[in-house]
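S.K.: Take a look and give me a structure for this.
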Amino acid sequence: MKKLVIIPAYNECGSIQRAVDDIREHAPGFDYVVINDCSTDNTLDICRENNLNYVNLSVNLGIGGAVQTGYLYACQNGYDMAVQFDGDGQHDAAYLEMMADELVRTESDMVIGSRFIEKEGFQSSGLRRVGIWYFSMLIRLLTGKRVTDPTSGMRIVNRDVMRIYAGSYPKDYPEPESVTAILRMGKRVTEVPVVMRRREEGVSSIGGLRTVYYMIKVTLAIFMERLRG
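M.R.: Prediction:
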């Protein structure tokens with residue numbers, strides 16, 4: 001089966017090469033593509049100088065647009081499954097083959113790498129854990145399905161979900177909304193335990209007053225997604 005790692009990257013010059021090296025070393029059965037989201041640092045230069053496989057976006061589309069570009073790339077190039085993998089060093093490529101095997105074994109449409117099943121490794125800040133718990137409860141209330149780590153960006157999907165996401169994907173803070181969308185469609189979502197690391201470089205886009213915006217925006221987006229059903 002053809003398997004692709006999608007690496008959305010915005011100003012990840014300090015960690016993007018390590019992320020690719022991690023995939024090459026620990027997930028050799030996967031291809032990869034870096035989606036450079038119009039970075040203002042030298043992320044693009046690193047991709048060019050090191051002959052990385054990349055797509056360069058001429059305008060900044062945000063995390064959702066970058067990931068959707070990756071799903072379009074996967075569909076157009078005949079991949080059977082695709083996994084989102086952060087370029088900031090938080091994700092560990094050693095889990096990718098296991099996640100792919102779980103996708104096939106359980107006949108799932110999506111497998112999420114969850115920090116909160118075995119609660120090992122970096123668990124995020126206390127405030128963010130409260131937010132993750134809130135979204136987990138909201139998704140369970142609206143769909144009847146339990147997702148312990150709805151904000152996890154480490155998610156592998158089959159060809160069917162790839163096509164869905166290539167056609168429509170939330171623009172920003174997409175993970176809770178996009179998993180709600182496929183649960184609404186009756187897709188099977190399972191989780192496996194993973195260990196995540198602290199961010200190696202850069203700064204998260206969620207902080208300060210943006211935390212309030214994030215909570216309100218994602219809550220409304222989840223309700224709207226559920227109402228479409």
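
S.K.: for this structure, what spans make up the helices?
M.R.: 16-26, 43-49, 62-76, 96-105, 126-143, 159-167, 174-184, 209-227 (DSSP state H).

S.K.: how close does N11 sit to E102?
M.R.: Look at N11 and E102: by Cβ to Cβ, to the nearest Å, they are 32 Å apart. (Each C-beta comes from the backbone N, C-alpha and C, glycine too.)

S.K.: Which of the helices and strands in the protein ranks last by mean pLDDT?
M.R.: None of the helices or strands of the chain scores lower by mean pLDDT, DSSP states H and E than helix 209-227, at a mean of 77.

S.K.: Residues contacting that helix, please?
M.R.: For helix 209-227, contacts defined as Cβ atoms under 8 Å, 6 or more residues apart in numbering pick out 127, 131, 134-135, 138-139, 142-143, 170, 172-173, 176-177, 180-181, 184, 206.

S.K.: centre of the chain versus that helix, how much separation?
M.R.: Taking Cα atoms, centre = their mean, to the nearest Å, the mean C-alpha location of helix 209-227 is offset from the chain mean by 18 Å.

S.K.: Restricting to C-alpha, output it in PDB.
M.R.: Only the C-alpha atoms of helix 209-227 are listed here, as PDB (Å, rounded to 0.1, in the frame of the first residue of the first chain):
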ATOM      1  CA  LEU A 209      -6.300  36.100  23.700                       C
ATOM      2  CA  ARG A 210      -6.200  33.700  20.800                       C
ATOM      3  CA  THR A 211      -7.000  30.900  23.300                       C
ATOM      4  CA  VAL A 212     -10.400  32.500  23.900                       C
ATOM      5  CA  TYR A 213     -11.000  32.900  20.100                       C
ATOM      6  CA  TYR A 214      -9.900  29.300  19.600                       C
ATOM      7  CA  MET A 215     -12.400  27.900  22.100                       C
ATOM      8  CA  ILE A 216     -15.300  29.900  20.800                       C
ATOM      9  CA  LYS A 217     -14.500  29.400  17.100                       C
ATOM     10  CA  VAL A 218     -14.000  25.600  17.400                       C
ATOM     11  CA  THR A 219     -17.100  25.200  19.600                       C
ATOM     12  CA  LEU A 220     -19.300  27.000  17.100                       C
ATOM     13  CA  ALA A 221     -17.700  25.100  14.200                       C
ATOM     14  CA  ILE A 222     -18.400  21.700  15.900                       C
ATOM     15  CA  PHE A 223     -22.000  22.700  16.500                       C
ATOM     16  CA  MET A 224     -22.400  23.800  12.900                       C
ATOM     17  CA  GLU A 225     -20.800  20.600  11.600                       C
ATOM     18  CA  ARG A 226     -23.300  18.600  13.700                       C
ATOM     19  CA  LEU A 227     -26.200  20.600  12.500                       C
END
